[in-house]
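**Q** Task: produce atomic coordinates for the following.
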Amino acid sequence: MKINIIWVVLIAIISGIFGFFTSQVSFFTFSSEIDLVNLITLVVTTCFGFYFTFDIQKKLSANTFEKNIFFKGFNKIKDNITIIEDNLNSLEFEKAVKLFKEMSIDLSDIEEYNGICNLVEKKDIENLKSVLLELKSIITGSKTSDGKLEISEEHKRLSNGKIKGMKKDIIKIIIELNRK
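**A** Below you'll find the predicted structure:
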């Protein structure tokens, strides 16, 4: 976050002028006695304030860290799906198998992390796994002699529908994660 130097200088000048005028005029009267009840109340309130502030900050940073793990995993899967979608007509067999293997590993990692954090519904992960397996069998079903994938028009339509559905499911999961 950048701080504009003009605002800092302006606030410093205004604070200096305000401090000068308040030091010239006595607005407050101070007693030389200290009330023990007020002192204890002040100390306890300050301690509670610091405790709750640090406790809440610790929980928020832990929650953010956990969410970021899931975001990275789901975004990697979505990126690989986009690569497959964009190169469906010219995708090489080995590249497709590699991408599906990466996505499968990422989903397994997400499932493992979810066992610890329990931030994503288990059925959503299982749904993504089943769609991924269906998509893999459709796309990597047959390869040509030059190492390219041979996909019929019907399989292209089917795979495009599954790819779009999978991307929507991933976006839905990311949105739900962001709201938690």
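
**Q** show me the contacts for L119.
**A** E66, K67, F70, L177, K180 (CB atoms under 8 Å, 6 or more residues apart in numbering). C-beta here means a position set from N, CA and C on the backbone, and glycine is covered the same way.

**Q** Among these, which one has the most neighbours?
**A** F70 (20 neighbours; other CB atoms under 10 Å).

**Q** what about that residue, which helix or strand?
**A** Using DSSP states H and E, the element containing F70 is helix 36-86.

**Q** helices and strands of the protein: which one has the lowest mean pLDDT?
**A** Lowest by mean pLDDT, DSSP states H and E among the helices and strands of the chain is helix 5-24, with a mean of 78.

**Q** could you say what helices and strands the helix holding F70 packs with?
**A** On a contact count with 3 or more CB pairs under 8 Å, 6 or more residues apart in numbering; DSSP states H and E, helix 36-86 meets helix 93-117, helix 153-179.

**Q** what angle do that helix and helix 93-117 make?
**A** In terms of direction (axes from the mean of the first three to the mean of the last three CA atoms, to 10 degrees), helix 36-86 departs from helix 93-117 by 160 degrees.

**Q** Can you read off the pLDDT for K180?
**A** K180 is assigned 78 on the pLDDT scale.

**Q** just S26 next, same as before
**A** 64.

**Q** Please apply the same query to the one 5 residues further on.
**A** Per-residue confidence at S31 stands at 66 (pLDDT).

**Q** repeat for the one 4 residues further on
**A** Per-residue confidence for D35 comes out at a pLDDT of 77.

**Q** where does I151 land in three-state SS?
**A** coil (DSSP: H, G, I helix; E, B strand; the rest coil).
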